[in-house]
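> Predicted model, plus sequence, below.
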Amino acid sequence: MTDGSGRPMIAEGYVVPIAGLMALLFALMAGLTAGRALSGNPADAALPLAFALGALAAIRIRGRYAAD
C-alpha cells in the first residue's frame, strides 16, 4: 500500500523517534571506536566510518518522515 506520494505507508508516529534513537546509537558507537581507529592501523578506521554513515542514514530517514 502506498499513499498519494508513492511512499509506502508506515506508522509515521514510530519512524521519527526510532530513527532518532538509531542515529544517536550509531554516533555513540562511532565515537567509542574512533580512538582505536586514530591510534592504530588505517584499516581500523572502517568501523567508525561505517557507524558514522549509519548515523547519517538514520538522520536522513528521520528528516524525510519528520517533514510530512
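Yep, that arrived.
> CA only for contacts and neighbour counts going forward, please
Noted.
> what's the spacing between stretch 49-59 and its chain's center?
Averaging C-alpha positions (Cα atoms, centre = their mean, to the nearest Å) puts stretch 49-59 4 Å from its chain's average.
> buried ones in the one helix or strand R62 maps to?
Under the criterion of DSSP states H and E, R62 resides in helix 46-66. Neighbour-count burial for helix 46-66, with 16 or more other Cα atoms under 10 Å as criterion, is recorded at 47-49, 51-59, 61-62.
> Return the list of helices and strands in contact with that helix.
Under the contact definition 3 or more Cα pairs under 8 Å, 6 or more residues apart in numbering; DSSP states H and E, helix 46-66 sits against helix 12-39.
> Residues in contact with the helix holding R62: which ones?
With Cα atoms under 8 Å, 6 or more residues apart in numbering as the test, helix 46-66 has contacts from 12, 15-17, 19-20, 22-27, 29-31, 33-34, 37.
> Now do that helix, average pLDDT.
Helix 46-66 shows a mean pLDDT of 88.
> do the same with stretch 16-36
Rounded mean pLDDT across stretch 16-36 is 89.
> and it, C-alpha only, in PDB?
Extracted as PDB, the C-alpha positions of stretch 16-36 are listed here (Å, rounded to 0.1, in the frame of the first residue of the first chain):
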ATOM      1  CA  VAL A  16      10.900   9.600  13.700                       C
ATOM      2  CA  PRO A  17      11.700   8.700  17.300                       C
ATOM      3  CA  ILE A  18      13.200   5.300  16.400                       C
ATOM      4  CA  ALA A  19      15.300   6.800  13.600                       C
ATOM      5  CA  GLY A  20      16.500   9.500  16.100                       C
ATOM      6  CA  LEU A  21      17.500   6.800  18.600                       C
ATOM      7  CA  MET A  22      19.300   4.800  15.900                       C
ATOM      8  CA  ALA A  23      21.200   7.900  14.800                       C
ATOM      9  CA  LEU A  24      22.200   8.600  18.400                       C
ATOM     10  CA  LEU A  25      23.300   5.000  18.900                       C
ATOM     11  CA  PHE A  26      25.400   4.900  15.700                       C
ATOM     12  CA  ALA A  27      27.000   8.200  16.600                       C
ATOM     13  CA  LEU A  28      27.800   6.900  20.000                       C
ATOM     14  CA  MET A  29      29.400   3.700  18.600                       C
ATOM     15  CA  ALA A  30      31.400   5.800  16.100                       C
ATOM     16  CA  GLY A  31      32.700   7.900  18.900                       C
ATOM     17  CA  LEU A  32      33.600   4.900  21.100                       C
ATOM     18  CA  THR A  33      35.600   3.200  18.300                       C
ATOM     19  CA  ALA A  34      37.300   6.400  17.000                       C
ATOM     20  CA  GLY A  35      40.200   6.100  19.500                       C
ATOM     21  CA  ARG A  36      41.200   2.700  18.200                       C
END
